[in-house]
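Asker: Provided below are the primary sequence and the corresponding predicted coordinates.
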Amino acid sequence: AQSVTQPDIHITVSEGASLELRCNYSYGATPYLFWYVQSPGQGLQLLLKYFSGDTLVQGIKGFEAEFKRSQSSFNLRKPSVHWSDAAEYFCAVERAGNMLTFGGGTRLMVKP
Amino acid sequence: GAVVSQHPSWVICKSGTSVKIECRSLDFQATTMFWYRQFPKQSLMLMATSNEGSKATYEQGVEKDKFLINHASLTLSTLTVTSAHPEDSSFYICSATTLYYGYTFGSGTRLTVV
């Protein structure tokens, strides 16, 4: 069965520092992978997605993610974090039936 | 882009009463709507998949008699939490998919049962 693991429950970075959020997946075929961001009490906003092709995917708000099949990873990165990036981040994989399986989420806190 | 409007944003109800949550697709037709539940500081768990005009498909462990899903039209899906209890307090989110825009999420409903 498909599964998604986000090893880091919380991450704190200083404003202006770089960021990397980890995501590992378990899936038999080439996965469709997503990163979403959720502000408190809000729905989810899509940051980026990977279906095929170039393994480095650019998203909104300056985020990017790299698909590494050999490591079963799809880590999210941002070169310089802004205070407004503080939120919950979810990695997800699409499974049969057009349904998403989410990772446990990583809460990002940004220090001034 | 595709927008899913979810109401109410938050609701407080007494234990034993029922609560209805609505999700409307505003500028597209949602053949399929997904309903998720999110407990505090946890991830989203798929509860059920609703298809317009047919019965919803529930994930294992989700009580279909407690969480009634109706998808009577291509633009409206509802989730009714019947005989709500404090353990049903959670954040409920709906989602629809379109070929062009992919997955679109509602803004969520915070349910508190007292």
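Answerer: Yep, it's here. Numbering: from 1, shown residues only, chains lettered A, B, ... in the order given.
Asker: quick one: mean pLDDT for stretch A:7-20?
Answerer: Average pLDDT, stretch A:7-20: 97.
Asker: ok, stretch A:60-73 next?
Answerer: Averaging pLDDT along stretch A:60-73 yields 95.
Asker: for it, list the C-alpha coordinates in CSV.
Answerer: C-alpha atoms of stretch A:60-73 as CSV (Å, rounded to 0.1, in the frame of the first residue of the first chain):
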residue,chain,number,x,y,z
ILE,A,60,4.8,28.8,-5.9
LYS,A,61,6.2,31.1,-3.2
GLY,A,62,9.7,30.3,-4.1
PHE,A,63,9.5,26.6,-3.2
GLU,A,64,11.0,23.7,-5.1
ALA,A,65,11.2,20.0,-4.7
GLU,A,66,13.3,17.2,-6.1
PHE,A,67,12.1,13.8,-6.8
LYS,A,68,14.8,11.1,-6.2
ARG,A,69,13.6,7.7,-7.2
SER,A,70,16.7,5.9,-5.7
GLN,A,71,15.9,7.4,-2.3
SER,A,72,12.1,7.3,-2.6
SER,A,73,12.2,10.9,-1.6
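Asker: can you list the buried residues in it?
Answerer: A:63-67, A:73 (16 or more other Cβ atoms under 10 Å in any protein chain shown). All C-beta atoms are positioned from the backbone trio N, CA, C, and that covers glycine.
Asker: wait, which of those is closest to chain B?
Answerer: Chain B has its nearest neighbour among the buried residues of stretch A:60-73 in A:Ala65, at 15.4 Å by Cβ to the nearest Cβ.
Asker: quick one on the thing from earlier: between the buried residues of stretch A:60-73, which is nearest A:Tyr25?
Answerer: A:Ser73 (7.6 Å; Cβ to Cβ).
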